[in-house]
Every structure is written in C-alpha cells, then in structure tokens.
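A.B. asks: this one's structure only:
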C-alpha cells in the first residue's frame, strides 16, 4: 500500500524512494531552492505536521533544523505505507492588508519627499548621483514579522503601491517566538537565520513586476530582534535583561547617534540596485522595536492632539499611548497562540484556515474558510470567534473550562478541526499578556479606558477581529465601536511612509527619542494584572483588583 502525502493541501500517493521535494514537483508546488536539490542552499524547508516516521533520518545538511522541520530535498520516503502531511514556508496566499489609507499621515496622504529622486536621467540618493537610468524608481517597504514577512513595492515618483508579496517567515525552525530565535541564533552562530530569510527574499524579488535594478531603497521594519538579525547584528543582548538592542547600547555609549541602520544592498546579496540602500527604521527601546516605531508613524501620533492608543497584536504585542506631547509604550510577550502557533489545529491566515465561527441555537457550528475550500486549521480571527461564541453560549466559563470537561470542542469533525482546553489555556496566557500591557501603560499614563479618544487595533490578525467577540473575552478594552479603528498592518504602512518621506523619517527619530518605555516585568503589580487578564471576561477598566 503506497504512502499518501499531503503537501500544502495537495494530495498524492507514492512508493518509497522519492524526496518530499520530488513529490512537491509532481503536484506543481514550488519549493524555494537555489541549489536545485543538492542540499547546499538550505532553503527548501518544510514543516512536517504528521508522518515523520515515514521519512529518512536527518542528514548532515539538516543539522541546523529543529523539531518537525526538514529540508525537502534531503527527506525521503522510506516507509511502505502511512500518511505524511507537511507544508512549505510559502504555501498558498497570505492575506495581505492594503488598507489603512484613511489614517492621518499614511501612504496616500504623504507629501512625496523620498530619499531617491531623479534629475533627468540621473538617479540621486540623498542628493548624490548613484547611477543613470531612464527607468522607473522603486522602493520596497518590508515588515519582518516573527510569523509573516510582508513586502510592498512602491513607485517613488507617484507614491503608488505597485505590488505586494507576503510569505511565512522561514526562520520558524529557530522557534516560534522572539526569545527562541535569539537562543537559536546565539547557540548556532553563522547567521543561519539571517541567511535563510535573505534566501527567501531573493526569490520574492523574482516575483515582483519590475527589474530588480530599478529598486533603489528598501525600508526594513520589524521588532528589534527581527530587524537586528536581518542586518547580521548580534541579538544576544535583546535576550538578556534589560533586553536592549546592541544599537541602543552603542547609542548610550556615544558610539552611534541613532539606532537607525543603513547598509549597501551588496552586503545582503539582494538583487536590487547595487548603489541603493537598505535602511532599518529605529527601535524605541528593548522589545519595542522598529515595527512599533513604524506604527507610530502610520497613525501620525507625533502630531496627534487627542489621547490615542495603539495595540499591535502579534507574537510580541506592542502598545503605544499618547499624543504630540507625550508618548508611552511597552511590549507584551504574548507568544504565537493567536497566530496559530503551538495550537493543535492552529495556523496562520492562509487558504484553508477557518476565519469565522458562529454557534447556532441548535448547537450547529457554521464556519467560513479563507479561499472557500475545505478547512485544514484555524487562524487568529477564527480562534477569537470560537472563544467568544463558547462564552456567549455558556459552553465555556471565564476560567476557560468547558461545560463538558476533558472533551475537545469540534469545529469540523470531518476535517479534524477542534479546540481543546489546553489550547484555551495557551490563548488565555496570550490574551492575558496583551490586556496587561494595555492596562499598565494606561495606568502609567494616568488614564482609564474611557479617557481614550481613539483605540487603534493594528496587525493583520487584528484587522479581521470580530469586536464583540474580542471584547467579550477581554482581549481588548470594553469600549464602544466608534472609538476603535482596525487599521491592519500599520507597521508596513509606516514603512511605506518612511520610504516616501525623508521628513517623516526625521520626525520619527525625534518621536522615538522622546518616548517613555514602560517595562512590564519590573512593575510590582504585573503578576496580579496578568492573572486577572488570563480570565475570559470583558475588560471594563484599566485597573484590576489586586489579588491577595
């Protein structure tokens, strides 16, 4: 009986012998590679979700991989029968957010003032000629998320977005969260995580509708770890108290004037114009990185008269509170649960992910699936819907205990999609970290939820949240809809603003220098807030009762 294989949702059967890469080619699945199945480039990573016993032992070329990750060209089918399920790190189409242009100061409303300009056939960078060309002038805005990488191609002469790409961060084999990546990078050396990411990015350049040589500047945003790792810097100090980027430490010592990073593309072997620039936005402090700085730019907080807050929900959630007079921020180590990580049926917002859930009066479950295909897992918005519906129908209490203890809650029995109490516990911890960050920063600012004039929910996951479900479970403050704006990926929006305006970059540096970082781990009430935040009930106030 042959082995049945499922790769990125595509099925086939095979006798033993071929590699996973060979099988992927049979069903027309493109696996990133530069060495054509020789095991040298280490780009053809797959995550094996089921059936590892069907595969050959790890080879020497796979020594850097952890847990269920394999190189598809080295992993061969050795079983006579069985079932193997796996996915590449570029499966399907991720939901790419292009919204947010109604926000003050973002993309469409930015006065064009790019670093790259044209005088006749002369192409200038910061006013200095770098080449001559009559072709278009493009820039790339890149948001390096722990889970997802998003890239926008921008026409620097019109300000228009020409194309967008997104892919799962292939560094996942180094761990699903920032601290795991830091440990991996420190222990293994040789910049393996950086080189893997750059290899994937080079393939993305091939898919862009332009000549790579017409791309003159790339703006990089991401948390401090993702940004520094991309630039090949040591991230060891970010993993040790007081959790600061090496650029911050050097700034304090007077060795650099800013935490901005700037390099020539040749250093990364990126196929953009070799005379261009790769520019890393500044970090604010600690784990409050360049992605938070980009969010600040996207919502124009440095010019805001009102008191506003932003919550950028992700593996590492960031919180911003303030206006033109004062800005406070913090980071919350939420973990990957709401991005599908560590959950039995969790997955990112890809084709096949359950994104909407409704429990009817008769107990039947109605779901909607990205791509209108059969479900293969459940993504963040679907998880929030599920928890909200379980609470609404009293199938789960505020402590996350099911009405039928010990039994999973089935969303789709036919396709094996469920949520169990252990999943709920992981989600509770992620939720607890998020709302605790919001509460403590607002308390430090001296205001309550009701004092906010606007609450921005940022991140691709947050863009698709059902607000009622999110409020019911206490993921976000229990404030009215009219005060909440779901802005999608504000980090990539901010990177696009910086790409199009040198003036805005300088404003950002000034705002970053003046921001106050609230370190949650040093607050004596953090544990009490976190314990309370892990319970599933509406968050009506920034204050919580102190647990005795």
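C.D. replies: That came through, no problem. Please read these numbers as outputs of a predicted model, since none were measured by experiment. Residues are numbered from 1 along each chain as shown.

A.B. asks: which residues does residue 358 contact?
C.D. replies: By Cβ atoms under 8 Å, 6 or more residues apart in numbering, the contact set of residue 358 is 365, 366, 367, 385, 389. Just so you know, the C-beta spots here come from the backbone N, C-alpha and C atoms, and that holds for glycine as well.

A.B. asks: which single one of those residues is nearest to residue 430?
C.D. replies: Residue 430 has its nearest neighbour among those in residue 385, at 15.6 Å by Cβ to Cβ.

A.B. asks: three-state assignment of the residue nearest to the closest one when sequence neighbours are not counted?
C.D. replies: Excluding the flanking residues, the one nearest residue 385 by Cβ to Cβ, 6 or more residues apart in numbering is residue 357, at 3.9 Å. Counting by DSSP: H, G, I helix; E, B strand; the rest coil, the backbone at residue 357 sits in strand.

A.B. asks: and for residue 357, the neighbour number?
C.D. replies: As a burial measure, residue 357 scores 24 neighbours (other Cβ atoms under 10 Å).

A.B. asks: now do the contacts for it.
C.D. replies: 365, 366, 367, 378, 382, 385, 386, 389, 411.

A.B. asks: taking the residues you listed one by one, which sit in helices?
C.D. replies: Those of these mapping onto helices are 382, 385, 386, 389, per DSSP state H.

A.B. asks: ok, the last one touching residue 360?
C.D. replies: Going back to what we said before, that points to residue 389. No: here residue 389 does not reach residue 360: they are 9.7 Å apart, not a contact under Cβ atoms under 8 Å.

A.B. asks: who's more crowded, the two?
C.D. replies: residue 389 (22 against 10).

A.B. asks: and the more buried one, what does it touch?
C.D. replies: 357, 358, 359, 395, 469.

A.B. asks: rerun at 7 Å
C.D. replies: In this structure, residue 389 makes contact with 357, 358, 359, judged by Cβ atoms under 7 Å, 6 or more residues apart in numbering.

A.B. asks: could you do residue 359 as well?
C.D. replies: Contacts of residue 359 by Cβ under 7 Å, 6+ apart are 365, 389, 393.

A.B. asks: same check on residue 470?
C.D. replies: Counted by Cβ under 7 Å, 6+ apart, residue 470 has contacts 384, 476.

A.B. asks: would you list the phi and psi of the residue most central in space within the chain?
C.D. replies: Central residue of the chain (Cα atoms, centre = their mean): residue 145, 3.2 Å from the mean position. With angles defined as degrees, to the nearest 10, residue 145 sits at phi -80, psi 160.

A.B. asks: settle this for me: residue 223 is touching residue 289, isn't it.
C.D. replies: Yes: between residue 223 and residue 289 there is a contact at 3.9 Å, judged by Cβ atoms under 7 Å.

A.B. asks: for the worst-scoring helix or strand of the chain on mean pLDDT, what is the distance to the chain centroid?
C.D. replies: Counting by mean pLDDT, DSSP states H and E, the chain has its least confident helix or strand at helix 460-463, which shows a mean of 84. Relative to its chain's centre, helix 460-463 lies at 10 Å (Cα atoms, centre = their mean, to the nearest Å).

A.B. asks: same question, stretch 180-187
C.D. replies: Distance of stretch 180-187 from the chain centroid (Cα atoms, centre = their mean) equals 18 Å.

A.B. asks: same check on stretch 175-193?
C.D. replies: Taking mean C-alpha positions (Cα atoms, centre = their mean), stretch 175-193 and its chain are 17 Å apart.

A.B. asks: quick check: buried residues in it?
C.D. replies: 175, 176, 177, 178, 179, 180, 181, 182, 184, 185, 192, 193 (16 or more other Cβ atoms under 10 Å).

A.B. asks: so what touches it?
C.D. replies: Contacts for stretch 175-193 (Cβ under 7 Å, 6+ apart): 64, 146, 171, 174, 223, 225, 229, 232, 235-236, 238-239, 287, 315-316, 335-336, 341-342.

A.B. asks: next: stretch 400-418.
C.D. replies: Taking Cβ under 7 Å, 6+ apart as the rule, stretch 400-418 contacts 345, 354, 357, 365, 367, 374-378, 386, 390, 394-396, 419-421, 424-425, 428, 536.

A.B. asks: quick one: buried ones out of the residues you listed?
C.D. replies: The buried subset of the contacts of stretch 400-418 - by 16+ other Cβ under 10 Å - is 345, 354, 357, 365, 367, 375-378, 386, 390, 396, 419-421, 424, 428, 536.

A.B. asks: out of the residues you listed, which are inside strands?
C.D. replies: Of the buried ones among the contacts of stretch 400-418, the ones assigned to strands by DSSP state E are 354, 357, 365, 367, 377, 378, 419.

A.B. asks: any idea which of these is least confident?
C.D. replies: Least confident entry in those, by pLDDT: residue 377, with 92.

A.B. asks: who's the closest spatial neighbour of it, skipping the chain neighbours?
C.D. replies: residue 347 (3.4 Å).

A.B. asks: tell me the contacts of the one you found?
C.D. replies: Contacts of residue 347 (Cβ under 7 Å, 6+ apart): 340, 353, 376, 377, 378, 379.

A.B. asks: so which elements touch the longest helix along the chain?
C.D. replies: Assignment by DSSP H gives helix 421-445 as the longest helix of the chain. Applying 3 or more Cβ pairs under 7 Å, 6 or more residues apart in numbering; DSSP states H and E, we find helix 421-445 packed against strand 317-322, strand 327-332, helix 526-533.

A.B. asks: partner strands of the first one, parallel or antiparallel?
C.D. replies: Strand 317-322 has the following strand partners under DSSP bridges: strand 308-312 (antiparallel), strand 327-332 (antiparallel).

A.B. asks: dump those strands to JSON lines, plus mean pLDDT and distance to residue 493.
C.D. replies: As requested, the strands paired with strand 317-322 are exported to JSON lines (pLDDT from 0 to 100; distance: least, Cβ to Cβ, whole Å):
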{"stretch": "strand 308-312", "mean pLDDT": "96", "distance to residue 493": "11"}
{"stretch": "strand 327-332", "mean pLDDT": "94", "distance to residue 493": "18"}
